[in-house]
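Student: From the sequence below, what's the structure:
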Amino acid sequence: MPEQIRVPEGNRRIAVMAARGVQTYQCAGGVWTFLQPDAILEHRGRALVLHTRGPVWTSVRDGSSVTAAAVANSPVEGAIPQLLLRSTGNRGPGLLSGVTYIQRLRTTGGVAPAGSCTDGVTASVPYTADYTFWVAAA
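Tutor: Prediction:
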């Protein structure tokens with residue numbers, strides 16, 4: 001685990017989920033810019049969390065959600081970087097209501113298309129990752 005994306009002491013892991021989805025980019029000014037993620041996170045083969053623009057993660061089981069912002073990253077050759085994200089807001093009781101940190105680990109794919117583009121065009125690039133959810137230790 002790269003040091004820069006380690007979760008601070010005082011937090012405990014509550015879940016690790018495998019994600020499969022896309023990173024969507026839009027052409028603006030002739031260059032590709034990140035627009036949004038769309039992914040389904042699974043636990044034991046069952047869809048449990050949706051990951052969308054915000055970024056936000058929402059439990060399909062209980063509707064709880066967490067919004068977060070990246071605080072550190074670790075590059076991955078040929079893939080989107082691994083990230084450490086800190087919660088900026090939680091909603092509802094349930095699985096994600098107390099999440100303090102999220103790690104995006106073991107990333108594959110998802111890199112913006114290469115080369116020039118036509119303004120307004122979008123491209124969705126498949127990616128996979130593992131997301132680890134943390135809460136404050138009791």
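
Student: which residue is nearest the middle of this structure?
Tutor: R104 (5.7 Å; Cα atoms, centre = their mean).

Student: mind checking how far the longest strand anywhere in the chain is from the chain centre?
Tutor: Secondary structure of the chain per DSSP state E: the longest strand is strand 11-28. Put simply, strand 11-28 sits 3 Å off its chain's centre (Cα atoms, centre = their mean, to the nearest Å).

Student: ok, how many other residues are close to the residue nearest to P2 when sequence neighbours are not counted?
Tutor: Nearest non-adjacent residue to P2, counting by Cβ to Cβ, 6 or more residues apart in numbering: S74, 4.0 Å away. From N, CA and C alone the C-beta is placed, and that goes for glycine too. The local packing of S74 (other Cβ atoms under 10 Å) involves 18 other residues.

Student: and S74, what is it in contact with?
Tutor: S74 makes contacts with 2, 4-5, 81-83, as judged by Cβ atoms under 8 Å, 6 or more residues apart in numbering.

Student: now do 10 Å
Tutor: Contact analysis of S74 by Cβ atoms under 10 Å, 6 or more residues apart in numbering lists 1-6, 81-84, 103-105, 107.

Student: For the chain, list the residue farthest from the centre, please.
Tutor: Max distance from the centre of the chain (Cα atoms, centre = their mean): T118, 27.0 Å.
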